[in-house]
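> show me how the following folds:
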Amino acid sequence: MPKAILSVHDKTGLVDFAQGLSALGWTLLASGGSAKLLRENGLPVTEVADYTGSPEILGGRVKTLHPAIHGGLLARPTEADLAELRKLGWDYIDLVAVNLYPFEQTISKPGVTLADAIENIDIGGVTLIRAAAKNHERVTLVCDPADYTAVLAEIQAGGVSPETRRKLAVKGFQQTAHYDTAIKGYLGDQETGNQVSGKRVNREQPPLTPTHLSPASLPLRYGCNPHQTPARVYMQDGSPLPIEVLNSSPGYINLLDALNSWQLVKELKQTLGLPAAASFKHVSPSGAAVGIPLPEALKQAYFVADLELSPLAAAYARARGVDRMSSFGDWVALSDVVDVPTAKLLNREVSDGVIAPGYTPEALDILRKKKGGKYVTLAIDPDYAPGPLETREVFGITFEQRRNDRPVTRDDFKNIVTQIKDLPENAVRDMLIAWITLKYTQSNSVCFAVDGQVIGVGAGQQSRIHCTRLAGTKADLWRLRQHPAVLGLKFKPEVKRPDRDNAIDQFLREDVTPIERAAWPEIFAEMPQQLTSAEKRAWLDGLTNVVLGSDAFFPFRDSIDRAVLSGVKYVLQPGGSNRDDAVIQACDEYGMAMVFSGVRLFHH
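Residues are numbered from 1 along each chain as shown. Presented below is the predicted three-dimensional model:
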């Protein structure tokens, strides 16, 4: 009768897996909490201590470290090894289900002590993994709950294949390598003085480069959705992650936003030499900008007229102000060390988290108090650069490509295909911002930019004209928010900024519902008179010198016809459509200058 030893910290899926093995006649060995869980679910299980004849000792530090266990795992499929085992009263163990104490999760918690970290260094689990992986010719190792279903299916079909056992062994050695790297990095910080009084100290002085404190793997509560467990991010080569968690615990989508948005602001800073900021939601920017001073109307429209703005704070005020409705609960990326003015601005907005190359001690103290101490704050090594190739897995199939590391240069704007050839410096700057923003926006995508910032993003649409209409509508709302009638709206003092944003959006829409309008007396101190269509059009006609950027060619002239209504004077696109002539003709009719860059910027 085959034997399995089950010794796991993460008990996700364990009962179903054990039930499947038991139904096939397997003997189940388990220790501690694993044995207790199986008994509670009516499964026959033998305690490891009963099997070995040795009790757990030292408060549970020693459970499975016994020759009966490791002899059963390491014995080769030979008559001599089996006879030696049976002479001692032992037998083969054929399968190990094991996962480790959450060391990386423990050290990522604020204020973790050295004693806490040490107690979460797994010894017995690592030894089980290595023993089973070494002897994978005979033994099946399952160190990831995500593999339970597939392994059980193979057993039910007649047995786990040698190829599967080999792959599972490789996964085991990868896991222990990552685990040991995390431990080495943490204890190495003790030696170099990055710990004080037994507590983990985050390096707050700029510039902050977190690689020495960061483990190779970071466990997450779940993936995209709560039912998608387990989840983690990790470095395949076992090197430390280039990010450090300074406060709270990031989620899976938080990190997707963080790593995409960081690339955007880093590239903006490298290209333009100005502090840059991005406001991200669901892996696309709702806004991006560089740190140019704000005119008074924008300060009022962005609700920052009462704040002192540093260049970095100005960049975020612009990025957040592009589309305040979409930026509600955003992820923030900042190109520079976060200063106090920027931290104060972040502190007053509804936001999920921030990534930056560093934080002044005062700024970090402000952010650690936000959201009751749960505001996710990440530091990234500004010098980190990934390899040239990137991979992703979809439905079990791995894709590989060269990373989109092509930089934009001013030479990309030399092919001006319209009658108007003039590209002033401000237009070139805004084209650079549009290009870089589109590079990190889910395709299809179009964006409008002016005055050092994006003013409308149309992301993830199947039709390019729908992208343009969406981005154009957002650009129009951005412009209309600066109308004197909007700046003069009288709100009741208790109405918060998110509710003011919602009310302004309703005020500017022609399709506001009776139910929405019925709530206005609770919001406005004085009931406003909505702008007429003619008043809106007159104000929108004052917007000019806007850049329209597209991640791929315009297949028809319709996007140009829509864009002119939002003040577009300059167009950036790759070109290459069968109808390029019609698009060029439309630009000439409207007096626009259009660049064919020859570079597509799809991002998925």
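
> where does the stretch 351-500 of the chain dip in pLDDT?
Filtered on pLDDT under 70, the stretch 351-500 of the chain yields no residues whatsoever.

> now do the helices in it.
Remark: helices assigned in the stretch 351-500 of the chain by DSSP state H, counting those that start in this stretch are 361-368, 425-439, 464-480, 484-487, 497-508.

> pipe these into JSON lines and attach mean neighbour count per row.
(Glycine included, C-beta is placed from N, CA and C.) As requested, the helices of the stretch 351-500 of the chain are exported to JSON lines (neighbours: other Cβ atoms under 10 Å):
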{"stretch": "helix 361-368", "mean neighbour count": "18"}
{"stretch": "helix 425-439", "mean neighbour count": "23"}
{"stretch": "helix 464-480", "mean neighbour count": "22"}
{"stretch": "helix 484-487", "mean neighbour count": "14"}
{"stretch": "helix 497-508", "mean neighbour count": "18"}
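
> rebuild these as a markdown table, extending it with distance to Lys184.
Putting those into a markdown table (distance: least, Cβ to Cβ, whole Å) gives the following:
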| stretch | distance to Lys184 |
| --- | --- |
| helix 361-368 | 26 |
| helix 425-439 | 36 |
| helix 464-480 | 48 |
| helix 484-487 | 57 |
| helix 497-508 | 45 |
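
> wait, which of these is closest to Ile416?
Proximity to Ile416 (Cβ to Cβ) singles out helix 425-439 among those, at 10.8 Å.

> roughly how far is that closest one from the heart of the chain?
Its chain's C-alpha centre and that of helix 425-439 lie 24 Å apart, by Cα atoms, centre = their mean, to the nearest Å.

> what does stretch 404-414 give?
On Cα atoms, centre = their mean, the centre of stretch 404-414 falls 26 Å from that of its chain.

> buried stuff in that stretch?
408, 412-413 (16 or more other Cβ atoms under 10 Å).

> please export the C-alpha coordinates of it as PDB.
The C-alpha trace of stretch 404-414 is given here as PDB (Å, rounded to 0.1, in the frame of the first residue of the first chain):
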ATOM      1  CA  ASN A 404       9.600  46.600 -25.500                       C
ATOM      2  CA  ASP A 405      12.700  48.400 -24.600                       C
ATOM      3  CA  ARG A 406      12.900  50.700 -27.600                       C
ATOM      4  CA  PRO A 407      13.300  54.300 -26.400                       C
ATOM      5  CA  VAL A 408      11.600  57.200 -28.100                       C
ATOM      6  CA  THR A 409      13.900  59.900 -29.600                       C
ATOM      7  CA  ARG A 410      13.200  63.100 -31.400                       C
ATOM      8  CA  ASP A 411      14.300  61.500 -34.600                       C
ATOM      9  CA  ASP A 412      11.100  59.500 -34.400                       C
ATOM     10  CA  PHE A 413       9.200  62.700 -35.200                       C
ATOM     11  CA  LYS A 414      11.000  63.700 -38.400                       C
END
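
> re earlier: among the helices of the stretch 351-500 of the chain, which is nearest Ser161?
helix 425-439 (43.0 Å).

> only C-alpha atoms, please: export the closest one in PDB.
What follows is helix 425-439, C-alpha atoms only, in PDB (Å, rounded to 0.1, in the frame of the first residue of the first chain):
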ATOM      1  CA  GLU A 425       9.000  72.500 -28.800                       C
ATOM      2  CA  ASN A 426       5.900  72.200 -26.700                       C
ATOM      3  CA  ALA A 427       4.300  69.900 -29.300                       C
ATOM      4  CA  VAL A 428       7.400  67.700 -29.300                       C
ATOM      5  CA  ARG A 429       7.300  67.500 -25.500                       C
ATOM      6  CA  ASP A 430       3.700  66.500 -25.500                       C
ATOM      7  CA  MET A 431       4.300  64.000 -28.300                       C
ATOM      8  CA  LEU A 432       7.000  62.400 -26.200                       C
ATOM      9  CA  ILE A 433       4.500  62.200 -23.300                       C
ATOM     10  CA  ALA A 434       1.800  60.700 -25.500                       C
ATOM     11  CA  TRP A 435       4.300  58.100 -26.900                       C
ATOM     12  CA  ILE A 436       5.500  56.900 -23.500                       C
ATOM     13  CA  THR A 437       2.000  56.900 -22.100                       C
ATOM     14  CA  LEU A 438       0.600  54.700 -25.000                       C
ATOM     15  CA  LYS A 439       3.600  52.300 -24.600                       C
END
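
> next up, identify which helix or strand Leu21 is on.
Assigned by DSSP states H and E, Leu21 falls within helix 14-23.

> ditto for Ala153
Using DSSP H and E, Ala153 falls in helix 148-156.

> contacts for that helix, please.
13-14, 16-17, 20-21, 24, 95, 97, 140, 142, 160-161, 164, 168 (Cβ atoms under 8 Å, 6 or more residues apart in numbering).

> residue with max distance from the center of the chain?
Distance from the centre of the chain peaks at Lys87, with 55.2 Å (Cα atoms, centre = their mean).

> remind me which residues of the stretch 1-150 of the chain are low pLDDT?
Low-confidence segments of the stretch 1-150 of the chain, defined by pLDDT under 70: 59-60, 63, 104, 108-111.

> which residues in it form helices?
Along the stretch 1-150 of the chain, the stretches classed as helices by DSSP H, counting those that start in this stretch are 14-23, 32-40, 48-52, 67-74, 79-87, 103-107, 114-119, 124-134, 148-156.

> which among the ones you listed is found nearest to Thr181?
Of the helices of the stretch 1-150 of the chain, nearest to Thr181 by Cβ to Cβ is helix 103-107, at 9.8 Å.

> centre of the chain versus that closest one, how much separation?
On the basis of Cα atoms, centre = their mean, helix 103-107 sits 19 Å off its chain's mean C-alpha point.

> with just CA atoms, put stretch 65-72 into CSV.
Listed next in CSV are the C-alpha coordinates belonging to stretch 65-72 (Å, rounded to 0.1, in the frame of the first residue of the first chain):
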residue,chain,number,x,y,z
LEU,A,65,13.4,14.9,11.1
HIS,A,66,13.7,11.1,11.7
PRO,A,67,15.4,8.2,9.8
ALA,A,68,12.1,6.5,9.4
ILE,A,69,10.8,9.4,7.3
HIS,A,70,14.0,10.3,5.4
GLY,A,71,15.1,6.7,4.9
GLY,A,72,11.6,6.0,3.4
